[in-house]
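Participant: Need coordinates for the below:
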Amino acid sequence: MSSEIRKQALAAVATKETRRSVVATDITEIYGADVFNIKLMRDYLPKAVFKKLLTTIKNGSKLDESIADAVANSMKRWALSKGASHFTHWFQPLTGSTAEKHDSFIEPDREGGVLLNFSGKNLIQGEPDASSFPSGGLRATFEARGYTAWDPTSPAFIKQSADGATLCIPTAFCSYTGEALDKKTPLLRSIQAVGLQAKRLLACFGEEVSGRVNAELGAEQEYFLIDKSLHAARTDLIQTGRTLFGAAPAKHQQLDDHYFGSIKPRVLAFMSEVDQKLWRLGIPAKTRHNEVAPAQFELAPMFEELNLAVDHNMLVMEVLRQVADLHGFVCLMHEKPFAGINGSGKHNNWSLGVAGLGSLLDPGENPHQNAIFLTILCAIIQGVDRHADLLRSSTACAGNDHRLGANEAPPAIISIFLGEQLTDVIEQIEAGGATSTKSGGSMKIGVDALPNFPRDATDRNRTSPFAFTGNKFEFRAVGSTQSCAGPNIILNTIVAEALDEIATVLEKAKPEEFNAVLQERLQTIIKKHKRVIFNGDNYSAEWLAEAEKRGLPNLRTTPEALSVLNAEKNSALFEKYGVLTKAELHSRYEVFIEEYNTKITIEGGLALHMAKTIILPAAVTYQKSLLDNLVKLATIGIVNGSAGQKVVVEKVGSLIDATVTGCDKLDAALNSEDSAAVIKAMNSLREVVDQLELEVDDNIWPLPKYSEMLFTY
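Facilitator: Predicted coordinates for the structure are as follows:
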């Protein structure tokens, strides 16, 4: 019986021992050990080849294909020294995960032996089947050919396993006819677009940039860990990544005692092994801690160049899952695996930077730097306000619909938090020119032994979807399962458009008129787009009313949010900056909406199956035990002691009837193929089943409960 499976799972958790992994004593020796990085390239490649490749990596210039054979040979020698027997083009199709097809280095020598070959052609181009990946109509099933193309700006790396090693080459993925079938290709295009426009703007201020202006990213990753034995007893977690049923326990996160709390030994052992594996891959994992919900945790890396950071985040998710399995855990990435407590997001910390100038979102220490900072700040304000619908669409998925607007995530309304100091500067510019700034001041603790320390110019606003946090913007609405590529493709493109428009105006200004033209342009932007600035509580009902009054879009559900991808203004934007063609953009809508509807259908079908075959039998078994007891009491003539049991029988019977009715409604909704109806029916059925969980004998209830999954590890 299912109840026995639950008991066995709990017993298995009690006997688990903490896995002890080998921890390197010198981090500097293992960091990047499995990456064909610039340091290794310098050692392995001929000087002339290295110089040409470095120019492509650093400046984004076109790759000289004549060096491909030399690079491939050096890469092969290194990979073989690491124990690799195969290579793969590692890419990111529209499935939301990564893909790889392994080829061995072997080539028969026609004498009964074998050679180990890896050519420049093998490095530069691969040919996976393009028909079996989602394409949103860009490829028909019978049109199979697609290509992967080497991305030299993201270094090759080795995936190590107990059974060998594989050389992984980051690549873009496109169709035979040239359309982008992945997330890397438009990301690289958007990075190029925003970098080009930022260089134009900097030139207006007399800053000639020889290299690239880099978009940069730090992607914080939240996740849950539950014991593998308990996970195996929950069909819903196995198939959907979230619990479709489950009553809230008496204690969950109300005491805030898990957040930043002492990390349990078994979890710390897992985290330590994760860090070791990430460091070997050159991923700068920096921070680890307990998150707000029980059994929830977070990992945060250092800032990196955006394209590399996106690749690294995809590897972070893979490593978290793999190492969790080694430690007897399952890592849940779903945005809302447990109802009633905090879900998981992916804080997308975005910035622009350039060698010699540093972060362009750092105000700097002189008027010249301040002017550049304020101009870029106003460009971002314009881009976010004008294209708030697109930013919201980048966070749209079935899992995130459960999370956005709850206590741990911003609402679906996109707004910007600037803080008191920057808001004051913006208001001064609007009024005619900024002449002063509010200082952050210093904090006095009131304890003699503790020093005073400088206070940041802005506080943090955890309710804001897009908050300025010092020298970057934190886009907090991204879901934990989502690739960072989507949000940053849009962010780069909308900022590129704003920078383009400002630069076009400034380029026409005479030197003696420059400051006045700049001032007028910034004033115009602020007056038109300041409605998107909000420093208050984004969770409040007052903000919902105020946002509607300001005319800010509130796209509550995934279908609403994704529909904006079909708007003519949005396809024109992406086409103008060469990021996505109209066909490529529409294909994303088709892929994402189909994924959404499919996930809802799977969840609905599974909820119906679980209610009928797991929940109802347990409830009926409990009802029968109550009825049997009442019959026995009546047989021996005891009447007065049975009134309370009759009430319980009637309550359980009523809930059983409601469950059957709920199943019928969910079945009808599934047949209608209406996702909104399926969600409504699932929610109604869950409400009844969760009440049953609170009534049915604990020894009979078949599914591991929240109190067990969230606290037993």
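Participant: Any buried residues in stretch 545-562, and which?
Facilitator: 546-547, 550, 552-553, 555, 557-562 (16 or more other CB atoms under 10 Å). Glycine gets a C-beta too; all of them are placed from N, C-alpha and C.
Participant: Just the C-alpha atoms of that stretch, please, in CSV.
Facilitator: The C-alpha coordinates for stretch 545-562 follow below in CSV (Å, rounded to 0.1, in the frame of the first residue of the first chain):
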residue,chain,number,x,y,z
ALA,A,545,-4.4,50.7,-7.8
GLU,A,546,-1.6,53.2,-8.3
ALA,A,547,0.0,51.2,-11.1
GLU,A,548,-3.3,50.9,-12.9
LYS,A,549,-3.7,54.7,-12.6
ARG,A,550,-0.2,55.2,-14.0
GLY,A,551,-1.1,52.9,-17.0
LEU,A,552,1.5,50.2,-16.2
PRO,A,553,0.7,46.8,-17.7
ASN,A,554,-0.3,44.0,-15.3
LEU,A,555,0.1,40.8,-17.2
ARG,A,556,-0.9,38.3,-14.5
THR,A,557,-0.7,35.0,-16.3
THR,A,558,1.7,33.3,-18.7
PRO,A,559,-0.7,33.4,-21.7
GLU,A,560,-1.2,37.1,-21.2
ALA,A,561,2.5,37.8,-20.9
LEU,A,562,3.5,35.7,-23.9
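Participant: Which residues does that stretch contact?
Facilitator: 388-389, 392-393, 395-398, 400-401, 405, 411-415, 531-532, 534, 544, 564, 589, 592-593, 596, 675-676 (CB atoms under 8 Å, 6 or more residues apart in numbering).
Participant: where along the stretch 51-200 of the chain do the strands fall?
Facilitator: 84-90, 102-104, 106-108, 114-116, 125-126, 146-150, 157-161, 164-175 (DSSP state E, counting those that start in this stretch).
Participant: can you give me the mean pLDDT across stretch 677-694?
Facilitator: Averaged across stretch 677-694, pLDDT comes to 98.
Participant: With stretch 612-632 instead?
Facilitator: Rounded mean pLDDT across stretch 612-632 is 94.
Participant: Buried residues, that stretch. List them.
Facilitator: Result for stretch 612-632 [16+ other CB under 10 Å]: buried residues 614-616, 618-619, 622-623, 626, 630.
Participant: Name the residues that touch that stretch?
Facilitator: 2-3, 235, 245, 642, 645-646, 648-649, 652-653, 655-656, 659-660, 663, 689, 692, 695-697, 700-703.
Participant: For the stretch 401-550 of the chain, which segments count as helices?
Facilitator: Ranges of helices in the stretch 401-550 of the chain, per DSSP state H, counting those that start in this stretch, are 419-431, 485-507, 514-529, 541-550.
Participant: in the first one, what counts as buried?
Facilitator: Read that as helix 419-431. 419, 421-423, 425-426, 429-430.
Participant: Would you mind listing where the protein has pLDDT under the threshold?
Facilitator: The chain contains residues with pLDDT under 70 at 1-2, 130, 139-144, 366, 368, 405-409, 433-460.
Participant: that older thread, quick check: which of the strands of the stretch 51-200 of the chain is nearest to R280?
Facilitator: Of all the strands of the stretch 51-200 of the chain, strand 157-161 sits nearest to R280, with 7.6 Å by CB to CB.
Participant: follow-up on the earlier one: in JSON lines, list the strands of the stretch 51-200 of the chain along with distance to E507.
Facilitator: Shown next, in JSON lines, are these (distance: least, CB to CB, whole Å):
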{"stretch": "strand 84-90", "distance to E507": "41"}
{"stretch": "strand 102-104", "distance to E507": "50"}
{"stretch": "strand 106-108", "distance to E507": "55"}
{"stretch": "strand 114-116", "distance to E507": "55"}
{"stretch": "strand 125-126", "distance to E507": "39"}
{"stretch": "strand 146-150", "distance to E507": "34"}
{"stretch": "strand 157-161", "distance to E507": "42"}
{"stretch": "strand 164-175", "distance to E507": "32"}
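Participant: Tell me which of those sits nearest to M75.
Facilitator: Nearest of the strands of the stretch 51-200 of the chain (CB to CB): strand 164-175, 6.9 Å.
Participant: related to what we said a few turns ago, give me the ChimeraX select line for the contacts of stretch 545-562, limited to the buried ones.
Facilitator: Applying 16+ other CB under 10 Å to the contacts of stretch 545-562 leaves a buried subset, and the ChimeraX line that selects it is:
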select :388,389,392,393,395,396,397,398,400,401,405,411,412,413,414,415,531,532,534,544,564,589,592,593,596,675
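Participant: Format the helices of the stretch 401-550 of the chain as CSV; extra columns: distance to N348.
Facilitator: Listed next are the helices of the stretch 401-550 of the chain as CSV, based on distance: least, CB to CB, whole Å:
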stretch, distance to N348
helix 419-431, 19
helix 485-507, 5
helix 514-529, 21
helix 541-550, 21
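Participant: So what's the residue count around the closest residue to P465 other than its chain neighbours?
Facilitator: Of all residues not flanking P465 in the chain, P410 sits nearest, at 3.6 Å (CB to CB, 6 or more residues apart in numbering). Neighbours of P410 under the rule other CB atoms under 10 Å: 26.
Participant: Show me what counts as buried in stretch 105-125.
Facilitator: Buried, per 16+ other CB under 10 Å, within stretch 105-125: 105, 118, 120, 122-124.
Participant: ditto for stretch 500-517
Facilitator: Buried, per 16+ other CB under 10 Å, within stretch 500-517: 500-503, 506, 509.
Participant: need the strands for the stretch 351-500 of the chain, in chain order.
Facilitator: Using DSSP E, counting those that start in this stretch, strands in the stretch 351-500 of the chain cover 358-359, 416-417, 442-443, 453-454, 466-468, 473-475.
Participant: Tell me the spacing between the residue sitting furthest away from the middle of the chain and V649.
Facilitator: Within the chain, G637 marks the point farthest from the mean C-alpha position, 64.3 Å out by CA atoms, centre = their mean. According to CB to CB, to the nearest Å, G637 and V649 sit 19 Å apart.
Participant: cool, and I429?
Facilitator: Counting by CB to CB - I429 and V649 are separated by 71 Å.
Participant: Buried ones among the contacts of stretch 612-632?
Facilitator: 2-3, 235, 245, 642, 649, 652, 655-656, 659, 663, 689, 692, 696, 700-703.
Participant: just checking, which of the residues you listed belong to helices?
Facilitator: 2-3, 235, 649, 652, 655-656, 659, 663, 689, 692 (DSSP state H).
Participant: I'd say R212 and N59 touch.
Facilitator: Yes. Counting by CB atoms under 8 Å, R212 does reach N59; the two are 5.7 Å apart.
Participant: neighbour count winner among the two?
Facilitator: R212 (22 against 12).
Participant: Just the C-alphas of stretch 399-416, formatted as CSV.
Facilitator: Output in CSV follows, covering the C-alpha atoms of stretch 399-416 (Å, rounded to 0.1, in the frame of the first residue of the first chain):
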residue,chain,number,x,y,z
GLY,A,399,5.9,27.5,-12.5
ASN,A,400,6.4,31.2,-12.1
ASP,A,401,2.7,31.9,-12.2
HIS,A,402,2.5,30.3,-8.8
ARG,A,403,5.3,32.6,-7.4
LEU,A,404,4.9,36.1,-8.8
GLY,A,405,3.1,38.4,-6.4
ALA,A,406,3.5,36.1,-3.4
ASN,A,407,5.5,37.1,-0.3
GLU,A,408,8.9,36.2,-1.8
ALA,A,409,8.6,37.5,-5.4
PRO,A,410,7.6,40.8,-7.0
PRO,A,411,4.2,41.1,-8.7
ALA,A,412,3.6,40.9,-12.5
ILE,A,413,3.7,44.7,-12.7
ILE,A,414,7.2,45.8,-13.8
SER,A,415,8.5,48.9,-11.9
ILE,A,416,11.9,50.3,-11.0
